[in-house]
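# Predicted model and sequence follow; I will ask about them next.
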Amino acid sequence: MRRYDDPVDVRRGRVAGTGGGPVEGPEQFVWRGRLWKVHAVLAQWTETGPWWQSGDARAVLGDEPATGDAGDTGAATGLSLDLAEREVWRVEAGRGRAVEAGRGVFDLVLDWADGGWRLTRCLD
């Protein structure tokens, strides 16, 4: 599988899911000027960002001071971690009307922080 980090325009709609029934997910996307139609969602999951790199997590580990009030004793009592979650959709998509021509498997990622979609992996 090749890795990319390309922005894509995604249109959501009803597509075939892993259990055979329809799911609400990416229906079409434009990548490098070409329109791809999603034929099936192969998998979908959520990933969290590197929470262990947040200031509060480092304070718990003793790597830097806690970010609490001036009267705080230094113990991090309420972690405010920015998890930077994102949805990953592994889809089978094709470019043409032919059933098998031009098909591939793509990982489309929706970043919850900015609402943007990216294509991160492709197997064609």
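Happy to help now that I have it. Numbering: from 1, shown residues only.
# ok, Thr120 to Asp6 distance?
Using CB to CB, to the nearest Å, Thr120 is found at 8 Å from Asp6. C-betas here are computed from N, CA, C, even on glycine.
# Which one of these two is surrounded by more residues?
Set side by side, Thr120 and Asp6 show more neighbours around Thr120, with 17 against 11, by other CB atoms under 10 Å.
# who are the neighbours in contact with that one?
For Thr120, the contact set (CB atoms under 8 Å, 6 or more residues apart in numbering) comprises Arg3, Tyr4, Asp5, Val88, Asp107, Leu108, Val109.
# Tell me the confidence at it?
Thr120 is assigned a predicted lDDT (pLDDT) of 97.
# Quick check: it is in a strand.
Yes - Thr120: assigned to a strand according to DSSP: H, G, I helix; E, B strand; the rest coil.
# where does this structure dip in pLDDT?
Within the chain, the ranges that satisfy pLDDT under 70 run 51, 65-83, 96-101.
# Let me see the ranges of the strands in it.
2-16, 22-31, 34-47, 86-94, 103-111, 117-123 (DSSP state E).
# from the contacts of Thr120, which single one is nearest Trp36?
Lowest distance from Trp36 to these (CB to CB) belongs to Leu108, with 9.6 Å.
# Please look at the closest one and Val91 and confirm they touch.
Yes - using CB atoms under 8 Å, Leu108 is in contact with Val91, at 6.2 Å.
# Mutual contacts of those two, please.
Pro26.
# how distant is stretch 10-25 from the center of its chain?
Averaging C-alpha coordinates over stretch 10-25 and over its chain gives two centres that are 16 Å apart (CA atoms, centre = their mean, to the nearest Å).
# And that stretch, what's buried?
Val10, Val15, Ala16, Gly17, Val23, Gly25 (16 or more other CB atoms under 10 Å).
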